[in-house]
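Just to be clear, the model below is a prediction. Sequence and coordinates:
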Amino acid sequence: MPEEYEADTGELLAEMREHQRLTGTEPVDEASRGMTRRDLLVKGGVAAAAVGGLGALAGPAAARTAQVDKAGKFTGTLNVITLGVEFPTPEVAKRIKKDLGFSVNLTVTDPVTEAQKAITAPGTFDIFGGYNYQYMQAYSAHGLMPIDTTKIKAWPQLYKLFAWGKVHPGSAAETYGDGDAPFLALFLKQGTSGLPLSKEGPKSNKDIVQWINESTGKPRGSEPRYIVGTPAHFNADSIGYNADVIQKQPNQVGWEYLLNKKYKGRVALLKDPGIVMQDIGNALKALGIFKPKDMGNMTTAEIDRVVKIAIQYKKAGQFRAYWDNFQASVNLMASKEVVVESMWSPAVALLVAQGINVKYAAPPTGFRGWCSANGIAAHVASDPAKLAACYDYLNWMYNGWLGATIMRQGYYIGNGSTLRSWIASNPHDSAGGIAFKVDEYDFWYNGATAKRPLPGIQGKIGDIKKGSVRDGGSFSKRIGHYSSWNSYFTNSTFQIKRWNDFLSA
């Protein structure tokens, strides 16, 4: 490894270890970890047999002796490290085997551990299925390879959001959102010249560049060919609330409800400092008392201000709990100990499916976004058959079936504009034994009223009641309106220290 790369990796590793020490997330047995986004289905009612099936897939990476058929096509196993968003059920792995002819060996973990693996042990996986903001750290460690967009068949059909920053470039009604928006954490300098490094990147970043000029909304030359990873799954997060107590429509409930003293002692926050800092910051922004230059990359002074105000609210008894896993957020709302909290949208969908009147806010000031980025480990380049299989895997995500499957979780797929036609052309295709129908797409993407009971988070007809409308409305209303994105703060060490000050106050 070149000397400068060793220095970069050492700096990243030291920073990662400090992050783990401060947050108490040193490596532990996977079985004792909190729930990931994938785990929500396990607790949400999926059959025990399905859970057992997933367990067989997870575990340490297998040996990398390439297996190919007589035609030279890979038939072995790809090792995938993932947050689990793209694997809501074991059926996904089975479908990959059926469609592509090879298996996947999953290691499902949390964002901190996954980024650490990319920095310290990139040889333990072939596919890196992470969040786009993780690449701000991970790519700088040089364990991942550039992804060639000319090998991604669906690239021309992907939403402009990822490359241009908006679904409809130039739209004054849509917002870029602060922080590590996909278009600021996507393109690589390889094969380009003169493009500036991403303004959101840490000091270690020497590869991730900005193609679109935010000030003008226009590109700087032709579109770069290489990216850190393919953006496949994405969504807009906000807050869930008990609609029996807070009798308002989703577009009437904003981030400021986290700090509404009327609900003192009945508010919960997500414990992750990288996200909760934005949630509180967005609440203060909605109240008109805080306007950082970049909500997803605050200065030390801005971090300090957010924490000082949050401590005042804490000492006044505003917060009931700080959840660190999916099930805890569900339990808090189901028990009615909490009436408003930071939540993931599938958690709200699960509560609704169980008959609890919870809604998902569509904050007037904008959602907090997240997006996947699926990359390939650099070591794969030495094995042509496996490399081709990795690209087949990335392309498979856009073939229609996965998009329709995760649609029932409330997630969007990167080429969602083509999904409705795929569903219409494949009337007998299904997940969990339930065929996909175009009226499902109309509910999730177009904001249409459900004209019949629809399948959803628990994988059964009736999860979504007849007459329901997706909270926040259509794709264009939700995805065109971001306040900020899940991000890696340049001042993350200070951010974590101050958040610990809050927790101990």
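Happy to help now that I have it.

Can you give the strand pairings for the helix or strand containing G240, parallel or anti for each?
For G240, the host element (DSSP states H and E) is strand 233-242. Note on strand 233-242: by DSSP bridges, its sheet partners are strand 340-343 (antiparallel), strand 358-360 (antiparallel), strand 367-377 (antiparallel), strand 412-413 (antiparallel).

Averaged pLDDT, the longest one. What do you get?
Looking back up the chat, that one is strand 367-377. Averaged across strand 367-377, pLDDT comes to 97.

which other residues reach the helix or strand following it?
As assigned by DSSP H and E, the chain's next helix or strand after strand 367-377 is helix 384-396. Outside helix 384-396, the residues that touch it by CB atoms under 8 Å, 6 or more residues apart in numbering are 64, 66, 68, 72-74, 76, 78, 80, 96, 99-100, 102, 104, 126-127, 147, 151-154, 230, 232, 374, 376, 380-381, 402. For glycine as for every other residue, the C-beta is placed from the backbone atoms N, C-alpha and C.

Just the buried ones among these, please.
Neighbour-count burial (16 or more other CB atoms under 10 Å) is assigned, among the contacts of helix 384-396, to 64, 68, 74, 76, 78, 80, 96, 100, 102, 104, 126-127, 147, 151-152, 154, 230, 232, 374, 376, 380, 402.

hang on, the earlier thing: turn the strands paired with strand 233-242 into a markdown table, including distance to Q327.
As requested, the strands paired with strand 233-242 are exported to a markdown table (distance: least, CB to CB, whole Å):
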| stretch | distance to Q327 |
| --- | --- |
| strand 340-343 | 12 |
| strand 358-360 | 15 |
| strand 367-377 | 19 |
| strand 412-413 | 24 |
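
Out of those strands, the one nearest A138 is which?
strand 367-377 (7.9 Å; CB to CB).

now the closest one against helix 384-396, angle please.
Between strand 367-377 and helix 384-396, the angle comes out at 160 degrees (axes from the mean of the first three to the mean of the last three CA atoms, to 10 degrees).

If the residue nearest to P146 when sequence neighbours are not counted is in a bridge, with which residues?
Nearest residue to P146, sequence neighbours excluded (CB to CB, 6 or more residues apart in numbering): Y226, at 3.9 Å. As for beta bridges, Y226 partners with D148 under DSSP bridges.

if I pick Y226, what's in contact with it?
Each residue near Y226 by CB under 8 Å, 6+ apart is listed here: 146-149, 187-188, 190-191.

distance of it from W211?
Y226 sits at a distance of 11 Å from W211 (criterion: CB to CB, to the nearest Å).

ditto for L158
L158 sits 14 Å away from W211, going by CB to CB.

Please apply the same query to V348.
V348 is 35 Å from W211, where distance means CB to CB.

the more surrounded of those two?
V348 (25 against 22; other CB atoms under 10 Å).

residue ranges with poor pLDDT in the stretch 351-500 of the chain?
Flagging of the stretch 351-500 of the chain using pLDDT under 70 yields an empty set of residue ranges.

redo that, cut-off 90
Where the stretch 351-500 of the chain drops to pLDDT under 90, the residues are 353, 457-459, 492.

and what of the stretch 201-350 of the chain?
For the stretch 201-350 of the chain (pLDDT under 90), the answer is 201-204, 271-274, 324-327, 345-346, 349.

For it, which segments count as strands?
All strands of the stretch 201-350 of the chain, identified by DSSP state E, counting those that start in this stretch, fall at 208-209, 212-213, 218-219, 226-227, 233-242, 267-270, 319-323, 340-343.

need the contact list for G101.
By CB under 8 Å, 6+ apart, G101 lies in contact with 69, 73-75.

So for S238, what's the nearest residue that isn't a sequence neighbour?
Distances taken as CB to CB, 6+ apart place A361 nearest to S238, at 4.6 Å, with adjacent residues excluded.
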